[in-house]
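Chemist: Pasting the sequence and the predicted model now:
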Amino acid sequence: EDKVVQSPLSLVVHEGDTVTLNCSYEVTNFRSLLWYKQEKKAPTFLFMLTSSGIEKKSGRLSSILDKKELSSILNITATQTGDSAIYLCAVEDTSGTYKYIFGTGTRLKVLA
Amino acid sequence: GAVVSQHPSRVICKSGTSVKIECRSLDFQATTMFWYRQFPKQSLMLMATSNEGSKATYEQGVEKDKFLINHASLTLSTLTVTSAHPEDSSFYICSARVRATVGYTFGSGTRLTVV
C-alpha cells in the first residue's frame, strides 16, 4: 500500500532554533514530492521536488529530495513564531489518476 | 497566480439535510479536481477525484451516494454531502492541478458542522 510518513509528529522549539522535518514515502509511481504549510485553512505551497539532490530554497526554508532513500527533508532556520503550523508532505502518484498521497503532517510550534 | 475559489467557507446544517460545496478555478481550466476531508489534527485524506465531463473516481471507503461530485465544466466542481450526519462534520477542501511545474493549488476549505 502506498504511504507517506512524516516525522516527528509534533515539535516545539524556541525562536531562533533550526528544525528539520522528515518525509519518507513508499509510492508505486512517484512523480514529485511537495511540501505545504497549513495554518488555519488551506495549505499553502512551499516546494515541489522532482529531482534528487537538488536543494530548493526560499528564504529561511529549504528542502531536498533523496530518491535513493525515498525521502525528503524540510529545513527551517532561525525559526519565528510565524512558522508555527502543520507542515504537510505530499507525494504525487501517477498510478491511474494523478493524485496526492499526504503524510500525517508535522505540527510545529515555535515559542517566543 | 492560479486561484481556486471555494464556497461556502463555513456551513452549519441540520442532520438529514444536504449541503453543496463549490470549487471554481478562477484563472485556469481545471480538468481534474481533487476533494479531501480533514479531521482535527489529522492530515488530508483524499475522498475522490473529479474529472470534467465524466464520473468521479472515489477512494476506497468513501460512499459515492453520500458524497456526490459533479464536474460539469472546466472551471467548476461541486461536492454535495447528502443526508448529512454529525459524523460528516469535517473540513472539506478541494485542489486542482495547475501545471506540471507548479503543482496543485487548494481552495480555502469548507468547515462543515452538522447538528
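Modeler: Happy to help now that I have it. In this text the structure is predicted, and so the values were computed from the model without any measurement.
Chemist: Helix or strand next in line after the helix or strand harbouring B:W35, which one?
Modeler: Assigned by DSSP states H and E, B:W35 belongs to strand B:32-38. Going down the chain from strand B:32-38, the next helix or strand is strand B:45-51, by DSSP H and E.
Chemist: picking up where we left off before, tell me which strands the strand holding B:W35 pairs with, and in which orientation.
Modeler: Using DSSP bridges, the strands paired with strand B:32-38 are strand B:45-51 (antiparallel), strand B:90-99 (antiparallel).
Chemist: ok, of those strands, where does mean pLDDT dip lowest?
Modeler: Note on those: lowest mean pLDDT is at strand B:90-99, with a mean of 86.
Chemist: Name the residues that touch that strand?
Modeler: For strand B:90-99, contacts defined as Cβ atoms under 8 Å, 6 or more residues apart in numbering or on different chains pick out A:42-43, A:98, A:100, B:2, B:4, B:6, B:21, B:23, B:25, B:28, B:30, B:32-39, B:44, B:77, B:79, B:81, B:103-112. Where C-beta positions appear, they are placed from N, C-alpha and C, glycine not excepted.
Chemist: Show me how far the helix or strand just after that strand is from its chain's centre.
Modeler: Toward the C-terminus, strand B:90-99 is succeeded by strand B:103-106 as the next helix or strand (DSSP H and E). Remark: strand B:103-106 is offset 13 Å from the chain centroid, using Cα atoms, centre = their mean, to the nearest Å.
Chemist: residues in contact with the closest residue to A:G82 other than its chain neighbours?
Modeler: Spatial nearest neighbour of A:G82, chain neighbours left out: A:V110 (7.8 Å); criterion: Cβ to Cβ, 6 or more residues apart in numbering or on different chains. Going by Cβ under 8 Å, 6+ apart, A:V110 touches A:12-15, A:17, A:79-84.
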